[in-house]
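Enquirer: How does the following fold in three dimensions:
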Amino acid sequence: MSDFQKRQIRDTELRRFDRWFVDTVMGPAYRGRDGRVRSVKPDEVARWRSEVETHVDAMIASAPVQAAWAIGALVVVVFGGGWLLDMLAIPQRFHAPAIGLGVFVVEVGLIGIEIWDYVAGWRERRDGIETAVAARAPLPIDPQRIGSGHNWFQSASLALVALLILVAYASHLDEGMIARIDWRWVFAAIPLAWALHFVGKWYDGWMKGRLRR
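Expert: Got it, this is the predicted structure:
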């Protein structure tokens, strides 16, 4: 993973945190899960953001370690799986599908565990903010004016990347899949994912500017 990619990942994740807050004439305010807005102090926002930055940086720093685990698991499944199938006297024609299924389950499982832990960390931090502001009175701001707080461009970009990863892993299950796929669509999806990423950045900036008017 290049430094540029790391910066883009960090920027994308921190923009998610920034969408929890809006600027008002009375200062920063937190947009709760219930859609209502409550006043917060700048030093509170800075402290919460620092905690999220630590969480995101830890995820990025662990990426090489997780990649090493994934490669190690791949080697174990491919070579160990072949040996185990031979020991069980499984017919040779079933070896490739079985090993492919093993690779898919193990690799997707490892990724799923990491995603689950990472998302749980985000949820824990937002729960902490919700608890801290729960007793504060909501500000009289029209929820329609501040929007939903979601960035659908970013969501579409992540969904597209996840689809590409699943296609790559699913190809282990079916050797003929590579021959059947029109890879022009796959290569076209990569710049589309980047385009959605940068449009998402623009959208977040536009929303902030709209709220200041």
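Enquirer: Could you use CA atoms for every contact and neighbour count after this?
Expert: Noted.
Enquirer: roughly how far out does the longest helix along the chain sit from the chain middle?
Expert: In the chain, assigned by DSSP state H, the helix with the most residues is helix 95-133. Centroid separation for helix 95-133 versus its chain: 10 Å, with C-alpha atoms, centre = their mean, to the nearest Å.
Enquirer: May I see the buried residues of stretch 83-90?
Expert: Judged by neighbour count (16 or more other C-alpha atoms under 10 Å), stretch 83-90 contains these buried residues: residue 85.
Enquirer: could you pull out the strands for this structure?
Expert: 21-24, 27-31, 37-39 (DSSP state E).
Enquirer: Most tightly packed of these?
Expert: Neighbour counts (mean count of other C-alpha atoms under 10 Å) averaged over each of the strands of the chain peak at strand 37-39, with a mean of 23.
Enquirer: I'd like the mean pLDDT over that one, please.
Expert: Here strand 37-39 scores 88 as its mean pLDDT.
Enquirer: and what of stretch 158-170?
Expert: Mean predicted confidence for stretch 158-170 is 76.
Enquirer: contacting residues around it?
Expert: 103, 104, 107, 108, 186, 189, 190, 193 (C-alpha atoms under 8 Å, 6 or more residues apart in numbering).
Enquirer: State the distance from the fourth one to residue 159.
Expert: To residue 159, residue 108 is 15 Å away according to C-alpha to C-alpha, to the nearest Å.
Enquirer: ditto for the fifth one
Expert: Taking C-alpha to C-alpha as the measure, residue 186 and residue 159 are separated by 14 Å.
Enquirer: ok so, going back, which stretch among the strands of the chain comes nearest residue 71?
Expert: The closest of the strands of the chain to residue 71 is strand 21-24. By C-alpha to C-alpha, the value is 39.5 Å.
Enquirer: Report all helices and strands that the closest one contacts.
Expert: Using 3 or more C-alpha pairs under 8 Å, 6 or more residues apart in numbering; DSSP states H and E, the elements in contact with strand 21-24 are strand 27-31, helix 183-212.
Enquirer: let's see it at 10 Å
Expert: strand 27-31, strand 37-39, helix 143-146, helix 183-212 (3 or more C-alpha pairs under 10 Å, 6 or more residues apart in numbering; DSSP states H and E).
Enquirer: pull the CA atoms of stretch 70-88 into PDB?
Expert: Coordinates of each C-alpha in stretch 70-88 appear next as PDB, following Å, rounded to 0.1, in the frame of the first residue of the first chain:
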ATOM      1  CA  ALA A  70      -3.700 -13.700   4.800                       C
ATOM      2  CA  ILE A  71      -0.700 -14.900   2.700                       C
ATOM      3  CA  GLY A  72       0.300 -17.400   5.400                       C
ATOM      4  CA  ALA A  73      -3.300 -18.700   5.600                       C
ATOM      5  CA  LEU A  74      -3.300 -19.000   1.800                       C
ATOM      6  CA  VAL A  75      -0.100 -21.100   1.800                       C
ATOM      7  CA  VAL A  76      -1.400 -23.300   4.600                       C
ATOM      8  CA  VAL A  77      -4.700 -24.000   2.900                       C
ATOM      9  CA  VAL A  78      -3.200 -24.600  -0.600                       C
ATOM     10  CA  PHE A  79      -0.400 -27.000   0.500                       C
ATOM     11  CA  GLY A  80      -1.900 -28.300   3.700                       C
ATOM     12  CA  GLY A  81      -5.300 -28.800   2.100                       C
ATOM     13  CA  GLY A  82      -3.800 -30.800  -0.800                       C
ATOM     14  CA  TRP A  83      -1.900 -33.000   1.700                       C
ATOM     15  CA  LEU A  84      -5.100 -33.500   3.800                       C
ATOM     16  CA  LEU A  85      -7.200 -34.400   0.800                       C
ATOM     17  CA  ASP A  86      -4.600 -37.000  -0.300                       C
ATOM     18  CA  MET A  87      -4.600 -38.500   3.200                       C
ATOM     19  CA  LEU A  88      -8.400 -38.800   3.000                       C
END
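Enquirer: Appreciated, that's everything.
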